[in-house]
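Engineer: Quick one, fold the following:
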Amino acid sequence: MTDPFDVSNQLHESYIRYIETTFKFNSPSLEQEPVLERERRELLEKEGMIYQEPLFEPILRPKSSEKTLSQVCADLGISKDVSDFLAAGGEDGLAPKTRELYDHQVQAIKASLIDKRDVVVTTGTGSGKTECFLLPIFSQLVEESKNWQLYGDRQSQPWREKGKGNEKEKKKKDRQRFGH
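Structural biologist: Numbering: from 1, shown residues only. Next comes the predicted model:
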């Protein structure tokens, strides 16, 4: 791997050479040109003039729980249906069967679903914050869906059934009113 500080120094030096060769001094006095070039180089070499020292922020990968969602569900007493549903998206889904969860994800699931606590998760980009809030939500929906009533081929929609009942009542009254 190339040293990023070395690359930064090379870029800085290349830019200075570009400026020096492209923008030559046209001094009436030849003795003055080396002095002007030296002064310009000193200015260009100052940090903040045409470059900035590189800033690197090491970002550590979050600690793995070394457990998949199905293992976490089993440990916490959460239905296997939850992990099966969330793994249904395959390797591109929210919780593939083979992907291990991070520690903070397991803690968020436990705090939210088992301890019934509100959770705030702050962590870096790409470290699983989305899963921290979606896994408990989908888990709750999967559990709730077990109690949903079936209506024909679809899940029950009580507001539609009520509307159908009102519609039937309205048609009956219309027939009575118009003598049918």
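Engineer: any idea how the protein splits into domains?
Structural biologist: Listed domain ranges for the chain are 4-45, 64-145, 152-180 (source: automatic domain parsing).
Engineer: Mind checking these for the one nearest to residue 52?
Structural biologist: Evaluated with C-beta to C-beta, these place domain 4-45 nearest to residue 52, the distance being 8.9 Å. In short, each C-beta sits where N, CA and C put it, glycine included.
Engineer: How far away from the center of its chain is the closest one?
Structural biologist: The chain centroid and the centroid of domain 4-45 are separated by 45 Å under C-alpha atoms, centre = their mean, to the nearest Å.
Engineer: Ends of that domain, what's the gap?
Structural biologist: Using C-alpha to C-alpha, to the nearest Å, the end-to-end distance of domain 4-45 comes out at 18 Å.
Engineer: Rounded mean pLDDT for that domain, please.
Structural biologist: Per-residue pLDDT values over domain 4-45 give a mean of 89.
Engineer: count of residues packed around residue 78?
Structural biologist: Residues within reach of residue 78, counting by other C-beta atoms under 10 Å, total 22.
Engineer: Pretty sure it sits against residue 106.
Structural biologist: No - the criterion here is C-beta atoms under 8 Å, and residue 78 misses it with residue 106 at 11.4 Å.
Engineer: Residues that sit against both of those two, list them.
Structural biologist: Common contact partners of residue 78 and residue 106 (C-beta atoms under 8 Å, 6 or more residues apart in numbering): residue 72.
Engineer: Pick the most deeply packed of the domains of the chain.
Structural biologist: domain 64-145 (a mean of 16; mean count of other C-beta atoms under 10 Å).
Engineer: which residues in the protein form helices?
Structural biologist: Along the chain, counting by DSSP state H, helices occupy 4-22, 32-45, 69-76, 80-86, 103-109, 129-145, 158-178.
Engineer: will you turn those helices into CSV that also has distance to residue 118?
Structural biologist: Shown next, in CSV, are the helices of the chain (distance: least, C-beta to C-beta, whole Å):
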stretch, distance to residue 118
helix 4-22, 41
helix 32-45, 54
helix 69-76, 18
helix 80-86, 20
helix 103-109, 10
helix 129-145, 11
helix 158-178, 30
